[in-house]
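[1] task: produce atomic coordinates for the following.
(chains A, B, C and D)
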2 protein chains.
Amino acid sequence: MKSANKTQGLDPAYVCGHKDPLAVRELLTKVGDKWTIFLILALAKIHGNRARFSELEKSIPHISQRMLTVTLRNLERDGLVIRELFPEVPPRVEYELTDLGKSLLRPMEVLFDWVSGNWEAVRRSQSAFDTKKS
Amino acid sequence: MKSANKTQGLDPAYVCGHKDPLAVRELLTKVGDKWTIFLILALAKIHGNRARFSELEKSIPHISQRMLTVTLRNLERDGLVIRELFPEVPPRVEYELTDLGKSLLRPMEVLFDWVSGNWEAVRRSQSAFDTKKS
DNA sequence: CTGTATCCGCGTGGATACTG
DNA sequence: CAGTATCCACGCGGATACAG
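    Residues are numbered from 1 along each chain as shown, chains lettered A, B, ... in the order given. Sure thing, here's the model as predicted:
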């Protein structure tokens, strides 16, 4: 199958050395989405892997109702959260992280912590770069 | 690891409990970008935190020349990579991860590994979801 | 309270052509 | 080789209105 795709002794496409590179890239795009990250983290920490729609909305400043709904639907479809509807008046809906969703928690936290700890350094670098260019 | 819990019991906006929530969200969007992730990982592994333009292009299937250039410029501006031009004919340009860039390596790998290890489970969940809905 | 539906402006990014 | 410059199609996502 892959007999002669060596350039200098290493696979040039090693990063995508998967059965389905497109699927990997697609999923990577999804889990890297800012609303997805905020949602996973919020869902985990508000009470403990479980929260209702309105709580999530309050916990994630500036997210539109549309994006909250859309992102939650995608997470449900991807098997990362479970949606539970309580037929009350007024209606109540709770979302809970699945085991798969919980397993994504660590990667999200790691990424979020890096951003939290380094955004100021990045900002300084940007300023220096822009100054040098002007 | 639970760095965001520096606030009292239950801050509804704990996720954005930073001096500049907008900056954090913005940077999170950038480091979550698929081309950024592939680029950081490729840069680190081709030879060892250093590679030239054409090598990166080969290592990241389907990336356009434009996006490679744009992403590299942003990474340089953010202080994650350093660009070094060798005035030869033909010209040669090498990019190298800075210390800040290297510190982002682990988060990227963690996220990438999760995707690599779970995209099939996600795909199955999607199929089940779609079947149930149709 | 928890959505769904529609409109639509705007940024993202591919394709293409050209340059030092 | 390593870009830069344009054009422009497309989808993301905000705003708004409405519903169960």
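
[2] and stretch A:69-78, what's buried?
    A:Thr71, A:Leu72, A:Asn74, A:Leu75, A:Glu76, A:Arg77, A:Asp78 (16 or more other CB atoms under 10 Å in any protein chain shown). From N, CA and C alone the C-beta is placed, and that goes for glycine too.

[3] quick one: the fourth one from A:Leu68, how far?
    I take that to be A:Leu75. 11 Å (CB to CB, to the nearest Å).

[4] overlap in contacts of the two?
    A:Leu39 (CB atoms under 8 Å, 6 or more residues apart in numbering or on different chains).

[5] would you tell me whether the helix or strand of chain A with the lowest mean pLDDT gets close to chain B?
    In chain A, no helix or strand scores lower on mean pLDDT, DSSP states H and E than helix A:21-31, which sits at a mean of 92. Yes: judged by CB under 8 Å from any CB of the partner chain, helix A:21-31 and chain B are in contact via A:Pro21, A:Ala23, A:Val24, A:Arg25, A:Leu27, A:Leu28, A:Thr29, A:Val31.

[6] touching, the third one and B:Trp114? I think so.
    Spelled out, it's A:Val24. No: using CB atoms under 8 Å as the test, A:Val24 is too far from B:Trp114 to be in contact (10.8 Å).

[7] can you pull out the helices in chain A?
    A:21-31, A:34-43, A:53-59, A:65-77, A:99-103, A:105-133 (DSSP state H).

[8] quick one: end-to-end distance for stretch A:41-53.
    Counting by CA to CA, to the nearest Å, you get 14 Å between the two ends of stretch A:41-53.

[9] now A:Ile37: closest residue in space, sequence neighbours ignored.
    A:Met108 (5.3 Å; CB to CB, 6 or more residues apart in numbering or on different chains).

[10] A:Ile63 too?
    Going by CB to CB, 6+ apart, A:Ile63 has A:Trp35 as its nearest residue, at 6.2 Å.

[11] need the contact list for the one you found.
    Counted by CB under 8 Å, 6+ apart, A:Trp35 has contacts A:Ile60, A:Ile63, A:Met67, A:Leu68, A:Thr71.

[12] out of the helices of chain A, which is closest to A:Arg92?
    helix A:53-59 (8.3 Å; CB to CB).

[13] can you give me the offset of the closest one from its chain's centre?
    17 Å (CA atoms, centre = their mean, to the nearest Å).

[14] give the buried residues for it.
    Within helix A:53-59, judged by 16+ other CB under 10 Å, the buried ones are A:Phe53, A:Glu55, A:Leu56, A:Glu57, A:Ser59.

[15] now stretch A:121-130 - C-alpha only, PDB.
    Extracted as PDB, the C-alpha positions of stretch A:121-130 are listed here (Å, rounded to 0.1, in the frame of the first residue of the first chain):
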ATOM      1  CA  ALA A 121       2.700  36.900  27.100                       C
ATOM      2  CA  VAL A 122       1.000  36.500  23.800                       C
ATOM      3  CA  ARG A 123      -0.400  39.900  23.900                       C
ATOM      4  CA  ARG A 124       3.000  41.400  24.700                       C
ATOM      5  CA  SER A 125       4.400  39.600  21.800                       C
ATOM      6  CA  GLN A 126       1.700  40.900  19.500                       C
ATOM      7  CA  SER A 127       2.400  44.400  20.600                       C
ATOM      8  CA  ALA A 128       6.100  44.100  20.000                       C
ATOM      9  CA  PHE A 129       5.500  42.500  16.600                       C
ATOM     10  CA  ASP A 130       3.100  45.300  15.500                       C
END
